[in-house]
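**Q** could you look at this predicted model? Sequence included:
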Amino acid sequence: MSDDKPAIEAPTSLLQISAFDADARENPHPRLKALRETCPVLRDEAVKTWLLTRYDDIRATVNDRTFVRQPSKAEEGSLSRMLANPDDPNGRRSSILFQDDPDHSRNRLPLVKAFYARIKKMEPEIEAMIDRIIDAAPASGRFDLMEHIAVPIPILIIAHILGVDESRLPEFRDWSEGIILSLNPMRTAEETAYMEASGEKLDAYFTELMTARRNDPRDDLISDMVQAQADGGDFDDDELRVNLQALLVGGNLTTTDLIGNGVWLFLTHPEQLEALKADPSLGAAAVEEVLRYEAPVQATSRIVSEDREVAGCPMKKSQPVFMSLAAANRDPGKFETPEDFDITVKRSSHVSFGGGAHICIGAPLARIEARRVYLKLFERYPDMKLPDQDIEWRSLPFFRGIERLEVEV
Ligand code: HEM
């Protein structure tokens, strides 16, 4: 076999590259490489879904606004269709994540406007909160970085941005943990009950906050949104509530994993850690390289809206197209030395936040948080080490994150 042939057989199903599969969970990259090189447009008939793995095909597809997202528009029996809510055939009650225009833009634009302005305004506060959380972590010995730092930071910060009252924080954290279970298709009946109860309690709490902020506006995102609505914003209370929940579902686990994956990568690449410590201005590049190298969200999807060619293959209306963002990010056609984790080289932009109409709205926040965590953490703990341990990767399909990360300080 010549050197440029993939060392392993290309997978034939999406399951084989998802975190349900033990090998893919441990390290999805060899299989993704094999697919990218030998079968960049895979058809998985069992789940009636296409899978793309090349950067150019994926970039073109995420950016193409003629594809749709609403699960009920996907073929019966396909992967995307499993997410459809039969009680909401037009997606009117779903979050922007699964809406199409005109509802998508109508709901997304005011939210993006208020969210970006808020993050910009709150950046110093966000950084100060991160510093406080890191300063409160154990001063010496061994601890789980996920438990003390990577899990609490994103939840506390989004709570602060939204305007959650300090006294309600413990409940809010609990409900947030509950609704994040919506990402897990393998949840138990007990977890589903916890998820549903959390969703109801969060809705009730958001309703309470919206009423309170209408009467007495404060310096927070919920005040911004009820004000935008009063100023003629074309979205109702149900739409606002479901999108506030989307900020929690979309933003917590992903940012947690960006923090965890990054700390693991730096501790396993000491020369990169030294480069970062020597030049903190590499902080932003460090975040981009972690996002590229171990993308917390490994895949996104679109649905074909009319019979057409995609990535050179004929596809039919209503067929879902999954895209491996992780595979695109290591495509040698786009990135030099893609298998090297290197924060010092200038790279093309990764696709870890997707693109086009649905590009992640939380990207600026995730970037601020991860950058501050990496810099502050290695400043507070200059001798942080990774003790011997078995790293257990999350078994959530299409997410990549570490369950527990013991560090020694
Ligand atoms: C490292 C952290 C994050 C990653 C890797 C990530 C990744 C993604 C990806 C891949 C998408 C789909 C984009 C597409 O299909 O084109 C997305 C959408 C979304 N993300 Fe994030 N995200 C992160 C953090 C956040 C945060 C912090 C928030 C909010 C506070 C957030 C909220 C959302 C929302 C609401 C959407 C749906 C946007 C739409 O469909 O219009 N995300 N994210």
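**A** Great, that's in hand.

**Q** show the model's pLDDT score for residue 186.
**A** Looking at residue 186, its pLDDT stands at 75.

**Q** what residue is smack in the middle of the protein?
**A** Here the mean C-alpha position of the chain is nearest to the C-alpha of residue 254 (C-alpha atoms, centre = their mean), at a distance of 3.8 Å.

**Q** is it true that that one touches residue 295?
**A** No. Taking contacts as C-beta atoms under 8 Å, residue 254 lies outside contact range of residue 295: 9.6 Å. Backbone N, C-alpha and C define where each C-beta goes, glycine included.

**Q** coming back round to it: quick one: which helix or strand includes the residue nearest to the centre of the chain?
**A** Using DSSP states H and E, residue 254 sits within helix 237-268.

**Q** next SSE after that helix?
**A** As the chain continues past helix 237-268, the following element, by DSSP H and E, is helix 270-278.

**Q** how about the CA coordinates for that following helix, as PDB?
**A** Once non-C-alpha atoms are left out, helix 270-278 reads as follows in PDB (Å, rounded to 0.1, in the frame of the first residue of the first chain):
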ATOM      1  CA  PRO A 270       3.700  20.900  25.600                       C
ATOM      2  CA  GLU A 271       5.600  22.800  22.900                       C
ATOM      3  CA  GLN A 272       2.300  24.500  21.900                       C
ATOM      4  CA  LEU A 273       1.500  25.300  25.600                       C
ATOM      5  CA  GLU A 274       5.000  26.900  25.900                       C
ATOM      6  CA  ALA A 275       4.300  29.000  22.700                       C
ATOM      7  CA  LEU A 276       1.000  30.200  24.200                       C
ATOM      8  CA  LYS A 277       2.500  31.000  27.600                       C
ATOM      9  CA  ALA A 278       5.400  32.900  25.900                       C
END
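
**Q** what helices and strands are in contact with that helix?
**A** Contact partners of helix 270-278 among helices and strands, from 3 or more C-beta pairs under 8 Å, 6 or more residues apart in numbering; DSSP states H and E: helix 237-268, helix 283-293, helix 363-380.

**Q** how about 6 Å then?
**A** Helices and strands touching helix 270-278, by 3 or more C-beta pairs under 6 Å, 6 or more residues apart in numbering; DSSP states H and E: there are none.

**Q** contacts for that helix?
**A** For helix 270-278, the surrounding residues in contact (C-beta atoms under 6 Å, 6 or more residues apart in numbering) are 266, 282, 286, 343, 344, 378.

**Q** what's near enough to touch the third one?
**A** For residue 286, the contacting residues are 276, 343, 374, by C-beta under 6 Å, 6+ apart.

**Q** one more: residue 346?
**A** With contacts taken as C-beta under 6 Å, 6+ apart, residue 346 has no neighbouring residues.

**Q** tell me if it really is in a helix.
**A** No. Counting by DSSP: H, G, I helix; E, B strand; the rest coil, one finds residue 346 to be coil, located in no helix.

**Q** phi, psi of it?
**A** phi -80, psi 130 (degrees, to the nearest 10).

**Q** ok, it to residue 336 distance?
**A** Computed with C-beta to C-beta, to the nearest Å, the distance linking residue 346 and residue 336 is 10 Å.

**Q** which helix or strand contains the closest residue to residue 233 other than its chain neighbours?
**A** Leaving out its chain neighbours, the residue that sits closest to residue 233 by C-beta to C-beta, 6 or more residues apart in numbering is residue 110, at 4.8 Å. With secondary structure defined by DSSP H and E, residue 110 is part of helix 103-135.

**Q** what helices and strands are in contact with that helix?
**A** Helices and strands in packing contact with helix 103-135 are listed as helix 152-162, helix 221-230, helix 237-268, helix 363-380; criterion 3+ C-beta pairs under 6 Å, 6+ apart.
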